[in-house]
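[1] just coords:
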């Protein structure tokens, strides 16, 4: 508590005068004043409700007798002078301030130390409030809206008046002895409101001046975390705030600063830059640690197998922490040799420890490329040794697409039969016309591409290519018989044996002029034709029906016109060749 003079000097003088009178009263009567007059005089000097200084003259179990200079001694109830354990904390001869309370039924003067103390406290409160004097108190407990403080009586400290900034944790103040300003008081309502804002503001201003003098780039400073955002952490250095940007927290990945820090925590950081005029301080935490990217190539040489922890899973791969501040990427293509995965989360979990091979290290861009699959033998190399080109294999159809059939040959290894390698003879529109999932089939190995991880198979290659000896079976000029399978605007397709078709160009259908093939034939009709040419590479056979007809009449004087027609016929055959090629290519 703040010490003050006694609040009523005049009344103390009266008490002193009374004491002097009491001393004189023990002497023989002088100047004509008797004892009764002296007593009445003393009553006029000390009044009920006054505070007087008295001396303890006797200590009893139930009361303490105190001489305050009156004719009769007064007493204080013992309960006011005992502590919580019931011990009396006063002795004969001690001087104390007492409140002149009343007389009891027996005429004894009743005094009160508690009332004297409270009366003096209110005087102290009034003085502190009017003269801006600090008053000391102890924080007793947290109450609604703030704190309860014992300053001799119970006072209230609002939460908004505790600090210059909002305070969330009020419990930490309980039990602390602190200085306060008195904002306002109301004695009648027994209400006192305290504040610490101006006190804290002055303290912070003093701290701020000291901090501004001591802050230098490169210094290591201690502070308290004040606020946390996605882009960094604000640290109170003592009257001035510094920013620890997210990029300066760690050499490694920091997703959210809130996951690594808590408000109120003490932290040491390095001053990166300081602007005294704007009072801006940039701080760094990672700068207190060695840069892990220095000599990174020595610690992680290309080709070495190292251990790391999966810290992030993305659509394109998994990031692996090799050490604090160093992460590498295992691209999804480098996860498994044979297993096709849609997302790394299907096979790995965050926090899982795995072994990986270092493929590339770039200290400048801070990137490390890793491989999971290359820590195990390449099954494609073994596959090439096991299945040389030309090997007949058996497998189960696992998938059918419009471009081919995937056949399971080894566990997690499929071979592809391209649509063009299904049949020599049949035109395959879609592989599902010939295969079903789960069907067991035989195929021949066409190629094993280790680098691109492709296993090519074929079915038609199991049999001999019928086009290879077709020219031997059908000599030029020989007559063949077959069924009409298709009409086009440029001629007729005719199957001469299973899967082998030849073209009768519209100019070779008849010696008569024909506008459309359907004028003479229908699909399914059996007709004969002469073999004009066979091209095994392009799988083309040219046939002629008109050459089996009777010879045409002798040329007339209109020979020029006929020659023109022949030229037109040759041109239409050339155009037909183009259409056939486009038809076979699927155009």
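    Nice, I can see it. Please read these numbers as outputs of a predicted model, since none were measured by experiment.

[2] rest of the way, CA atoms for contacts and neighbours
    Noted.

[3] which ones are touching residue 117?
    Residue 117 makes contacts with 97, 98, as judged by C-alpha atoms under 8 Å, 6 or more residues apart in numbering.

[4] make it 6 Å
    Listed by C-alpha atoms under 6 Å, 6 or more residues apart in numbering, residue 117 has no contact partners.

[5] quick one, phi psi at it?
    phi -60, psi -40 (degrees, to the nearest 10).

[6] I'd like the numbering to begin with 671 instead of 1 from here.
    Got it, first residue is 671 now, which makes that one residue 787.

[7] gap between stretch 1002-1016 and the chain center?
    Mean C-alpha position of stretch 1002-1016 versus that of the full chain (C-alpha atoms, centre = their mean, to the nearest Å) differs by 24 Å.

[8] Show me the contact partners of it.
    Stretch 1002-1016 has contacts (C-alpha under 6 Å, 6+ apart) with 985, 986, 987, 1041, 1042, 1043, 1082, 1083.

[9] Likewise for stretch 1150-1167?
    Applying C-alpha under 6 Å, 6+ apart, the contact partners of stretch 1150-1167 are 1171-1176, 1193-1199, 1246.

[10] try stretch 1179-1186
    Contacting residues not belonging to stretch 1179-1186 are listed as 1215, 1216 [C-alpha under 6 Å, 6+ apart].

[11] start to end distance for it?
    Stretch 1179-1186 has an end-to-end distance of 10 Å (C-alpha to C-alpha, to the nearest Å).

[12] can you pull the pLDDT of the residue lying closest to residue 1100 once chain neighbours are set aside?
    Once flanking residues are discounted, residue 1100 sits nearest to residue 1072: 5.5 Å by C-alpha to C-alpha, 6 or more residues apart in numbering. pLDDT recorded at residue 1072 is 91.

[13] re the thing from before, now list the buried members of the contacts of stretch 1150-1167.
    1171, 1172, 1173, 1174, 1175, 1176, 1198, 1199, 1246 (16 or more other C-alpha atoms under 10 Å).

[14] who's the third one bridged to?
    With beta bridges defined as DSSP bridges, residue 1173 has these partners: residue 1163, residue 1212.

[15] and it, what does it touch?
    Here residue 1173 is in contact with 1162, 1163, 1212, 1213 (criterion: C-alpha under 6 Å, 6+ apart).

[16] re the thing from before, return a PyMOL selection command for the buried portion of the contacts of stretch 1002-1016.
    The buried subset of these, as determined by 16+ other C-alpha under 10 Å, is captured in PyMOL by this line:
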select buried, resi 987+1041+1042+1043+1083
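
[17] Tell me the one of the contacts of stretch 1002-1016 nearest residue 1021?
    Using C-alpha to C-alpha, residue 987 is the member of the contacts of stretch 1002-1016 that sits closest to residue 1021, with 14.9 Å.

[18] Would you check that the closest one makes contact with residue 1017?
    No - Residue 987 lies out of contact with residue 1017 (C-alpha atoms under 6 Å); the separation is 11.3 Å.

[19] quick one on the thing from earlier: report how many residues lie close to the residue nearest to residue 1100.
    Applying other C-alpha atoms under 10 Å, we find 12 residues neighbouring residue 1072.

[20] How about the backbone phi and psi for it?
    According to degrees, to the nearest 10, residue 1072 has phi -70, psi -20.

[21] How about the secondary structure of the closest residue to residue 736 other than its chain neighbours?
    Among residues not flanking residue 736 along the chain, residue 726 sits closest, at 4.4 Å (C-alpha to C-alpha, 6+ apart). When classified by DSSP: H, G, I helix; E, B strand; the rest coil, residue 726 comes out as strand.

[22] need the contacts of stretch 1002-1016 in a markdown table with secondary structure and pLDDT, can you?
    Formatted as a markdown table, the contacts of stretch 1002-1016 follow (DSSP: H, G, I helix; E, B strand; the rest coil; pLDDT from 0 to 100):
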| residue | secondary structure | pLDDT |
| --- | --- | --- |
| 985 | coil | 91 |
| 986 | coil | 92 |
| 987 | strand | 93 |
| 1041 | strand | 93 |
| 1042 | coil | 92 |
| 1043 | helix | 88 |
| 1082 | coil | 77 |
| 1083 | strand | 83 |
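
[23] Take the contacts of stretch 1002-1016 and lay them out in TSV including distance to residue 1138.
    What follows is those, written out as TSV (distance: C-alpha to C-alpha, whole Å):
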residue	distance to residue 1138
985	50
986	48
987	50
1041	48
1042	48
1043	44
1082	37
1083	33
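
[24] Show me which of the contacts of stretch 1002-1016 is closest to residue 1058.
    residue 1083 (15.6 Å).

[25] Okay, domains of the protein per the record?
    Per automatic domain parsing, the structural domains of the chain span 679-788, 885-958, 966-1045, 1052-1132, 1140-1254.

[26] who wins for proximity to residue 813 among those domains?
    Residue 813 sits nearest to domain 885-958 of all the domains of the chain, at 22.0 Å, using C-alpha to C-alpha.

[27] What is the end-to-end distance of the closest one?
    Length of domain 885-958, first residue to last, C-alpha to C-alpha: 17 Å.
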